[in-house]
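# Sequence first, then the predicted structure, then my questions.
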Amino acid sequence: MLWAVALLVLAWMPAQASPLEVRACGGANEWPPSSYFLRRDGRVTGDVAGFSPDVLAAALQGSRFKAEVTLLPFARCLAEARAGQQMHIVMAAFHNAQRTQSFLYSESYLALVPRVYFLAAEWPKGLALSSLNDLGAYRLCGLNGISYAHLGPVADKVYTGAADYAALVRMLQARRCDAFVEGQEVINGFRLLGTPELSGALLASAALPEVKPLRIHFIVSRQYEHAQPLINAINGGLARLQREQRLPAMLQRHQAAP
């Protein structure tokens, strides 16, 4: 009789212990340090790396969930995750009141420090910025589809005609604009990857007055049947990583050396 009970318990254990597979996505145009395609011998592979996949895996360790990460065009990533079937998690999302209708937000796991980037040779004395309003004296360019609302009234003056960061730098070189704003962690991430337009001494930067660091989050589709347990597991894991002070070292692996 005892053997029969033991066999029944063993029969149930694999089903209960097997992890729930969830799928997370980020943008395919790459956004280090959050997520990017791994390089091998200088060549881009299809393997995904980055701070966000590392943090997500570490946060879910010991939980019932296991995440698989892929990079998609960001609009598609959001759309598929909103439906909650093919994708369940979006990595590195800024807070957006409209998105809260479709997604549950995790606690923040990274704060990006915005800086103003410009051609060092064009502005050898730097930019004169004592307040955010001073930014309005310069022609700003930005990435297509990206919100610059954190720049306040100046955001309306940003020409968002660049498809990628290389195009941003070409616009500076063509004198179509004077500067662009990006998180210093993002630029350091591209420099780690060896992106030529963002490496070397071509660009200089200045601190951006009156703008707080921009916090990013994991967001989970409300349509996913296990959405609340999943966001709880992520938040619990993030709290553990904070207590163990592991996040700074994890971020440093995806940043160029100073």
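Noted; the coordinates are in hand. Numbers count the residues shown, from 1 in each chain.
# What's the separation between P209 and A137?
The spacing between P209 and A137, counted by Cβ to Cβ, to the nearest Å, is 13 Å. No exception for glycine: its C-beta is placed from N, CA and C like everyone else's.
# Find the nearest non-adjacent residue to the most centrally placed residue in the chain, please.
Within the chain, one residue has its C-alpha closest to the average C-alpha position: by Cα atoms, centre = their mean, that is A92, at 3.3 Å. Nearest-residue entry for A92: S34, 3.9 Å, with adjacent residues in sequence omitted and distances by Cβ to Cβ, 6 or more residues apart in numbering.
# Spit out the contact partners of the one you found.
Contact criterion Cβ atoms under 8 Å, 6 or more residues apart in numbering gives G26, G50, F51, S52, M91, A92, L110, G189, I216 as the residues in contact with S34.
# For the closest residue to L214 other than its chain neighbours, the count of nearby residues, please.
Leaving aside its chain neighbours, L214 sits nearest to L112 (4.6 Å; criterion: Cβ to Cβ, 6+ apart). The burial metric for L112, expressed as a neighbour count using other Cβ atoms under 10 Å, is 19.
# I figured L112 was touching K212, is that so?
No. Using Cβ atoms under 8 Å as the test, L112 is too far from K212 to be in contact (10.3 Å).
# re earlier: need the buried ones from the contacts of S34 selected in PyMOL.
Typed into PyMOL, the line below selects the buried ones among the contacts of S34, using 16 or more other Cβ atoms under 10 Å:
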select buried, resi 26+50+51+52+91+92+110+189+216
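# Which two of the contacts of S34 have the greatest separation?
M91 and G189 (13.8 Å; Cβ to Cβ).
# list the contacts for the nearest residue to Q101 once chain neighbours are set aside?
Once its chain neighbours are removed from consideration, Q101 has its nearest residue in R222; the separation is 7.9 Å (Cβ to Cβ, 6+ apart). By Cβ under 8 Å, 6+ apart, the contact set of R222 is G84, Q101, S102, F103, L104.
# what residues are up against the last one?
Think L104. Neighbour list for L104: I219, V220, R222, A227, Q228, I231 [criterion: Cβ under 8 Å, 6+ apart].
# With N232 as the reference, measure out to it.
Taking Cβ to Cβ as the measure, L104 falls 9 Å from N232.
# Next: the third one.
According to Cβ to Cβ, S102 and N232 sit 18 Å apart.
# so where's this structure uncertain?
Scanning the chain with the threshold set as pLDDT under 70 gives 1-17, 258.
# helix/strand/coil for the nearest residue to K212 once chain neighbours are set aside?
Across the structure, with Cβ to Cβ, 6+ apart as the measure, the residue nearest K212 apart from its sequence neighbours is H150 (7.9 Å). Following DSSP: H, G, I helix; E, B strand; the rest coil, H150 is assigned to helix.
# Over to A167?
Following three-state DSSP, we place A167 in the helix state.
# Against G161, how distant is it?
From A167 over to G161 the distance is 8 Å, taken as Cβ to Cβ.
# If we go by neighbour counts, what in stretch 121-131 is buried?
By neighbour count, and taking 16+ other Cβ under 10 Å as the criterion, the buried residues in stretch 121-131 are W123, L127, L129.
# returning to that earlier point: and the contacts of S34, which is closest to A79?
Taking Cβ to Cβ as the measure, G26 is the one of the contacts of S34 closest to A79, at 14.0 Å.
# where does that closest one land in three-state SS?
The three-state label given to G26 by three-state DSSP is strand.
# Fine by me, we can end here.
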